[in-house]
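**Student:** Model the structure of this input:
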Amino acid sequence: MTSSDGSTPSRPHDAATRLVTAGRDTKAQKGFVNPPVFHGSTVLYPTAEDLHAHRAEFTYGRHGSPTTRALQDVLMALEGPQCAGVGLAPSGLAAISTTLLAVLKAGDHLLVCDNAYRPTRNFCDNMLKRYGIETNYFDPLIGAGIETLFKPNTRAVLVEAPGSQSFEMPDVRAISAVAHARGALMIDDNTWATALYHRSLEQGVDISMQAGTKYIGGHSDIMFGTISANAKAWPLVQEAIRLLGVCAGPDDVYLALRGVRTLSVRLAQHHRSGLEIARWLGARPEVARVLHPGLETDPGHAIWKRDFTGASGLFSIVLKPVPQTAVDAMLNALTLFGMGFSWGGFESLAIPFDCSDYRSATEWSPGGPTLRLHIGLENLDDLKADLDRGFAALKAAL
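**Tutor:** Sure, this is the predicted structure:
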């Protein structure tokens, strides 16, 4: 790997350094640190011969530009040497749907962890079913026991590590080993930790997806998705992107490129703040349980410690039984924690959730109301004071 000035480092750079240096060519950019935003559809060829041969670095706006190339280079450097290519999509869900359409065909069978992002399930249960693809769901804690669920036509396994609501931690290594032994591809939704804290392609995953809307963007101002694949799976992903016409807009690509440069420092703060608030909440009398694999008390902690180098700011809590009106009073009293269906930005968020109506392989029965929290970049004492205010409103509503 070469640096932005064209020199070769004496030793491999750390991930934090690669986030800053990869995808930069200051000479080509006339000395500017950042590449320009290329807004364009048409690419002109200098001669008829070049046109006939499609002889150009870039051929059409949908197929990429110097701006998209710069972002892809950064993401490939972050994913590590197992990454053969990175596709860019207009949303996280588009990354998921493109991936599944890339690897599946009519008559195939797909295994999906039961804690998957609900829109993933909706795509499987509607669009894939319409195309004659069968989906079965499995306990995310099944590990190597998943072998009993394979069929002769099982083509792929999809996991979320951890699930972005209930936070069960699947054993990616064990499941990947079984999938590969049975000739199936392993797919991972890696949005929670990103490739900075979980290099899943090095742990047996063939395709790693992210909602770049979250931590890659980091500022709650883009919709964006990424699809990273190893050498075995990348040709399938590349073909699907071309056939489906999947592309991301130039401004979102640029904002993702801007966001990824600070991913290391932002995620480190989310990690620290998230764990501190999680431990603080675990000691609260109103809280029955904290769902965070980074906590030593969490059932998934051993796998997290083995496979991950950090955690993000997203986790959930189970409250002791109270009426929904009391939970709503708590949420309405919060001033720093907003209510919104996303995460990964600089701001803190809190939403209620209930998995019970769409789980099919496992039962979701936490024993009390559940809240998902995203811990942003605010001062921790201010966040604790805000949660104190919320818990006071909860008690007053009883």
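
**Student:** So the residue positioned nearest the centre of the chain, which state does it fall into?
**Tutor:** Most central in the chain under C-alpha atoms, centre = their mean is residue 191, positioned 1.3 Å from the mean C-alpha point. Using DSSP: H, G, I helix; E, B strand; the rest coil, the structure places residue 191 in coil.

**Student:** any idea how far it is from residue 137?
**Tutor:** Separation of residue 191 from residue 137 (C-beta to C-beta, to the nearest Å) stands at 19 Å. Placement of C-beta: from N, CA and C, glycine included.

**Student:** what does residue 370 give?
**Tutor:** Here the criterion is C-beta to C-beta. By it, residue 370 lies 20 Å from residue 137.

**Student:** do the same with residue 50
**Tutor:** From residue 50 over to residue 137 (counting by C-beta to C-beta), the distance is 51 Å.

**Student:** Please apply the same query to residue 296.
**Tutor:** 29 Å.

**Student:** do residue 102 as well
**Tutor:** Going from residue 102 to residue 137 by C-beta to C-beta gives 21 Å.

**Student:** Could you check which of the two has the larger neighbour count?
**Tutor:** residue 102 (26 against 22; other C-beta atoms under 10 Å).

**Student:** surely the more buried one meets residue 242?
**Tutor:** No. At 10.4 Å, residue 102 and residue 242 do not qualify as touching, with contact defined as C-beta atoms under 8 Å.

**Student:** give the contact list for residue 281.
**Tutor:** Counting by C-beta atoms under 8 Å, 6 or more residues apart in numbering, residue 281 makes contact with 287, 290, 317, 387.

**Student:** Which of those residues fall in helices?
**Tutor:** Among those, the members found in helices (DSSP state H) are residue 387.

**Student:** among the contacts of residue 281, which ones are buried?
**Tutor:** Buried subset of those (neighbour count, 16 or more other C-beta atoms under 10 Å): 287, 290, 317, 387.

**Student:** Need the phi and psi values for residue 315.
**Tutor:** The phi/psi pair for residue 315 (degrees, to the nearest 10) reads phi -160, psi 180.

**Student:** Ok, residue 374 next?
**Tutor:** Dihedral angles (degrees, to the nearest 10) for residue 374: phi -110, psi 120.

**Student:** So what sits opposite it in the bridge?
**Tutor:** When assigned by DSSP bridges, residue 374 has beta-bridge partners residue 314, residue 349.

**Student:** Now residue 259: closest residue in space that isn't a chain neighbour?
**Tutor:** Of all residues beyond its chain neighbours, the one nearest residue 259 is residue 218 (4.1 Å), with distances taken as C-beta to C-beta, 6 or more residues apart in numbering.

**Student:** Tell me how many other residues surround the one you found.
**Tutor:** Residue 218 has 25 nearby residues by other C-beta under 10 Å.

**Student:** Contacts only, for it.
**Tutor:** 259, 262-263, 266, 344-346.

**Student:** Sort out which of the residues you listed are in helices and list them.
**Tutor:** Within the contacts of residue 218, residues falling in helices by DSSP H are 259, 263, 266.

**Student:** What score does the last one have for pLDDT?
**Tutor:** As predicted, residue 266 sits at a pLDDT of 97.

**Student:** Name the residues of stretch 59-74 that come out as buried.
**Tutor:** Residues of stretch 59-74 classed as buried: 61, 64-74 (neighbour count, 16+ other C-beta under 10 Å).

**Student:** Likewise for stretch 245-252?
**Tutor:** 246-248, 250, 252.

**Student:** Identify the farthest-apart pair in these.
**Tutor:** With C-beta to C-beta as the measure, no two of these lie farther apart than 246 and 250, at 14.6 Å.

**Student:** What segments of the stretch 101-250 of the chain are helices?
**Tutor:** 118-123, 129-130, 172-181, 194-197, 234-244, 250-260 (DSSP state H, counting those that start in this stretch).

**Student:** Low-confidence stretches in the stretch 1-150 of the chain?
**Tutor:** By pLDDT under 70, the weakly predicted segments of the stretch 1-150 of the chain are 1-11, 21-23.

**Student:** Mind doing that once more with 80?
**Tutor:** 1-34 (pLDDT under 80).

**Student:** That one: strands as residue ranges?
**Tutor:** 85-89, 109-113, 134-138 (DSSP state E, counting those that start in this stretch).

**Student:** now for the ones you listed, which one comes closest to residue 313?
**Tutor:** Relative to residue 313, the nearest member of the strands of the stretch 1-150 of the chain by C-beta to C-beta is strand 109-113, separated by 22.0 Å.

**Student:** could I get the closest one in CSV with only the CA atoms?
**Tutor:** The C-alpha trace of strand 109-113 is given here as CSV (Å, rounded to 0.1, in the frame of the first residue of the first chain):
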residue,chain,number,x,y,z
HIS,A,109,-32.7,-21.8,0.3
LEU,A,110,-31.5,-19.0,2.7
LEU,A,111,-30.8,-19.1,6.4
VAL,A,112,-31.2,-15.9,8.3
CYS,A,113,-30.6,-15.2,12.0
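
**Student:** distance between it and the chain's centre?
**Tutor:** Centroid displacement of strand 109-113 relative to its chain, using C-alpha atoms, centre = their mean, to the nearest Å, is 18 Å.

**Student:** Now do that strand against strand 134-138, angle only.
**Tutor:** Calculated by axes from the mean of the first three to the mean of the last three C-alpha atoms, to 10 degrees, strand 109-113 forms an angle of 30 degrees with strand 134-138.
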